[in-house]
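>>> Got a predicted structure plus its sequence, pasted below:
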Amino acid sequence: MRFSVRLMAAICAGWLAVAMASPARADQVDNPHYQVWAKFKAGSSRVWTGTIQVGPVHIQVVMTSTLREVTPEHVVIETRTTTDFGQGAHAGKPLKETEDAKIEAEEVKNLGEETIQVMGRSFDCTVYQMKDDTVDGKERPWGGKGKFWVSPEVPGGVVKIDVNPQNKTTVDQNAIIVYELSGYEAK
């Protein structure tokens, strides 16, 4: 089951990178995922707290992402994930991700601006939605819509993620993912 949680976390990260990109073009564009980290100094961090629900199983997840390196070419982010299946927290191995300053543009729907309440305060966000049904032309069993609320004041940008798959998992159950910002430190 740990593999499934890591897989769901990776899906969210992938959706985030694509969701924050500009409309499709054949050339390189500024990578928004790079940009929302690069304006901060190494050591800046954000914490997401959320749940993954697969059928009757509820998994509590805490993801702490810390900016480890900033260069004009890329940023390096380290993410530590702790999961709790109701039997106590389990810390996974830290994962490092490198985001390049430039990427190929991807298609995404900008839903406009929205102010949301998270951590007991308001964040002015740009809301993105992405439908993600395939990887390399093959259908994902968990494909669906991911919605992201992004604020420039938060390291990494994302204040909230809500993924509601349209399809079911291989065991015929929907996996619903909701993460919200529960802390951050901007340096």
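Structure's in. What do you need? Numbering: from 1, shown residues only.

>>> May I have the secondary structure class of K93?
Here K93 takes the coil state, with states given by DSSP: H, G, I helix; E, B strand; the rest coil.

>>> I meant to write W37 there.
Under three-state DSSP, W37 comes out as helix.

>>> The closest residue to it other than its chain neighbours sits in which helix or strand?
With sequence-adjacent residues excluded and distances taken as CB to CB, 6 or more residues apart in numbering, W37 is closest to V75, at 4.5 Å. (Each C-beta comes from the backbone N, C-alpha and C, glycine too.) Following DSSP states H and E, one finds V75 within strand 74-84.

>>> Which stretches in the protein count as strands?
With strands called from DSSP state E, the chain shows them at 28-30, 45-54, 57-70, 74-84, 89-91, 95-100, 102-104, 109-118, 121-135, 138-150, 158-165, 175-185.

>>> ok so, going back, and the strand holding V75, what other elements does it pack with?
Applying 3 or more CB pairs under 8 Å, 6 or more residues apart in numbering; DSSP states H and E, one finds that strand 74-84 contacts helix 2-19, helix 32-38, strand 57-70, strand 89-91, strand 95-100.

>>> Which one of these has the poorest average confidence?
Looking over the helices and strands packed on strand 74-84, mean pLDDT reaches its minimum on helix 2-19, with a mean of 47.

>>> which residues does S182 contact?
Contacts for S182 (CB atoms under 8 Å, 6 or more residues apart in numbering) come out as 47-49, 62, 119.

>>> From R121, how far off is it?
12 Å (CB to CB, to the nearest Å).

>>> now G88
From G88 to R121 the distance is 31 Å (CB to CB).

>>> for A91, same thing?
28 Å.

>>> Between those two, point out the one with more neighbours.
Neighbours were counted for A91 and for R121 using other CB atoms under 10 Å; A91 has more, 10 against 7.

>>> and the closest residue to the more buried one other than its chain neighbours, what are its bridge partners?
Of all residues not flanking A91 in the chain, T82 sits nearest, at 4.9 Å (CB to CB, 6+ apart). When bridges are called by DSSP bridges, T82 pairs up with V62, A91.

>>> residues in contact with T82?
61-63, 89-92.

>>> partners of the closest residue to Y34 other than its chain neighbours in the sheet?
Counting by CB to CB, 6+ apart, Y34 lies nearest to E99, which is 4.5 Å off, once chain neighbours are set aside. Beta-bridge partners for E99, by DSSP bridges, are V75.

>>> One more: Y179?
G50, I161.

>>> What distance do you get for it to K41?
Applying CB to CB, the value for Y179 to K41 is 24 Å.
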